[in-house]
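Visitor: Show me the folded form of this:
(one chain, ligands or ions: 2)
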Amino acid sequence: MRKSRTLDRKSGSRPSSTISESLVSRTRTQVVIVGAGPAGLLLGQLLHRVGIDAVILERRSAEYVLGRIRAGVLEQGTVEVLDCAGASARLRKEGLIHDGVGIGFEGRRHRIALKQLVGKAVTVYGQTELTRDLMEARAASGCTSIYEAEDVALHGWGGASPKVTYRRNGATHEIACDFIAGCDGYHGVCRASIPADKSRVFEHVYPFGWLGVLADVPPPWSELVYANSERGFALASLRSPTRVRCYVQCSLDDRVENWSDTRFWDEFRRRIGEEVADRVVTAPSIEKSIAPLRSFVVEPLRFGRLFLAGDAAHIVPPTGAKGLNLAVSDVYYLHEALRDHYRDRSEIPLDEYSARCLRRIWKAERFSWWMTRQLHLFPGDAFARRMQVTELEYLFESAAAQASMAENYVGLPFEPAAASARTQVA
Ligand code: FAD
Ligand code: PHB
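Guide: Ligands and ions are numbered 1, 2, ... in the order given. Below you'll find the predicted structure:
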């Protein structure tokens, strides 16, 4: 019988008798990565390429992870990190490079010429495909990923000898390690293991969600369109030359069952602006889901030998297309910190990780919040509406405002590592 799994949240440790009682295996690695989303898989690849061993523990099956439809826009820096990870061959071949993005307002589409304004573009490539590429790269490298790992629990991250336990097929396993990387998303166990008095949380919940539909139909738009309409926000996006991804703002208590395909496409057409609406070809949805919108940051990102990265550490509303891209910059910084730590036997790179990430995270939080404020309907707030109208008119008139938006949308540059290798990615 397993004993109580109560964790001493003050020290991040657990009485060893609690762990050992029903153990069937005990192994060791340098880094245990919790979570096989894009952050965990990419970190695994980057560490492998610099000779650091890691085991990935994921609570779901690989098929389940691949079934989640999420982000679609990659910054140039993200693509370059995937090059470093040796996982970009298909992305480089099939990704769609977009030099501009549209903002729909009062029925018209205004183009922000990303490439012309700031010299960079974005790549449209679905998170599902990216995850598949990273899974394949990991399988090819022969590294260990354990899917369907239940009851993952962290031990001793406050000291020098952390361990992670999990159950699989009814048996308990223990992995001793040097470090734990918490890449287990917003609902994961890693952030939840940190005592409340050791961290500070910043959060803003928006009073609406996004209803998203995926459909197999050639996109009638060649670039994304983010539309501010009096009926609420809409986004025309895509995944490939034969697949569209579209969203409409919905209320927080809305349900997918309330939205037939016909209702969705009618509403989407009303919001997206005439120029696009007239060309919309509808198709049955192959996926339909509602996501709430939230801004969230935990500080710091390092707790002894535990590091948080990706959605485990922060959430942005999807309006700026930053969630996945931030997860990538976090794990890029984390792999550099671990690489330099092992190479130089120094704590400095590890100490710098949190502040280095947070500077980039807060800028992406600001941009995502700004995009969300300018494009969504905030019912009953007449002042906010006037501000939106003024912001958008200014944006369309001012090359400086457009350059500022473009600079953030394509992704701010990565910060060089201060104490170590100064390789700038973007
Ligand atoms: P995740 O992708 O969440 O991966 C975390 C992994 O950890 C998961 O596989 C999970 O199963 C696993 N895990 C959780 N708990 C445990 C545990 N206890 N033990 C072991 N494993 C565990 N971003 C955009 O840019 N555009 C979008 O349109 C967009 N849409 C989104 C829609 C939804 C519903 C969500 C939730 C996010 C969306 N995002 C979007 C954000 C983007 O998908 C995330 O930022 C990105 O997935 C972050 O990657 P991650 O690896 O940090 O976290
Ligand atoms: C998407 O294609 O799913 C997508 C694109 C851009 C966003 C959010 C989502 O800002």
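Visitor: could you give me the average pLDDT of stretch 409-420?
Guide: For stretch 409-420, the mean per-residue pLDDT is 86.
Visitor: So which bits of it are buried?
Guide: 409-412, 414-415, 417, 420 (16 or more other C-beta atoms under 10 Å). C-beta here means a position set from N, CA and C on the backbone, and glycine is covered the same way.
Visitor: One more: stretch 100-111?
Guide: Neighbour-count burial for stretch 100-111 [16+ other C-beta under 10 Å]: 100-105, 109-110.
Visitor: returning to what we had before: for the buried residues of stretch 409-420, give me CSV that also has distance to Pro284.
Guide: As requested, the buried residues of stretch 409-420 are exported to CSV (distance: C-beta to C-beta, whole Å):
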residue, distance to Pro284
Tyr409, 31
Val410, 34
Gly411, 34
Leu412, 39
Phe414, 41
Glu415, 45
Ala417, 49
Ser420, 52
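Visitor: quick revisit: okay if I get the buried residues of stretch 100-111 as JSON lines plus distance to His376?
Guide: Shown next, in JSON lines, are those (distance: C-beta to C-beta, whole Å):
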{"residue": "Gly100", "distance to His376": "22"}
{"residue": "Val101", "distance to His376": "17"}
{"residue": "Gly102", "distance to His376": "17"}
{"residue": "Ile103", "distance to His376": "13"}
{"residue": "Gly104", "distance to His376": "13"}
{"residue": "Phe105", "distance to His376": "13"}
{"residue": "Arg109", "distance to His376": "18"}
{"residue": "His110", "distance to His376": "17"}
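Visitor: what about the strands in the stretch 51-200 of the chain?
Guide: With strands called from DSSP state E, counting those that start in this stretch, the stretch 51-200 of the chain shows them at 54-57, 73-75, 96-98, 101-105, 108-112, 122-124, 145-146, 150-155, 163-168, 171-176, 179-182, 200-215.
Visitor: May I see the ones you listed arranged in CSV, with mean pLDDT and distance to Arg386 as well?
Guide: Below are these laid out as CSV (pLDDT from 0 to 100; distance: least, C-beta to C-beta, whole Å):
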stretch, mean pLDDT, distance to Arg386
strand 54-57, 98, 49
strand 73-75, 98, 30
strand 96-98, 98, 31
strand 101-105, 98, 14
strand 108-112, 96, 19
strand 122-124, 98, 31
strand 145-146, 98, 52
strand 150-155, 98, 49
strand 163-168, 98, 52
strand 171-176, 97, 56
strand 179-182, 98, 42
strand 200-215, 97, 19
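Visitor: Would you enumerate the residues in contact with the residue of the chain found nearest ligand 2?
Guide: Proximity of the chain to ligand 2 (C-beta to the nearest ligand atom) peaks at Gly72, 2.8 Å away. Contacts for Gly72 (C-beta atoms under 8 Å, 6 or more residues apart in numbering) come out as 124-127, 237-239, 245, 321.
Visitor: Can you say which of those residues are buried?
Guide: Applying 16+ other C-beta under 10 Å to the contacts of Gly72 flags 124-127, 237-239, 245, 321 as buried.
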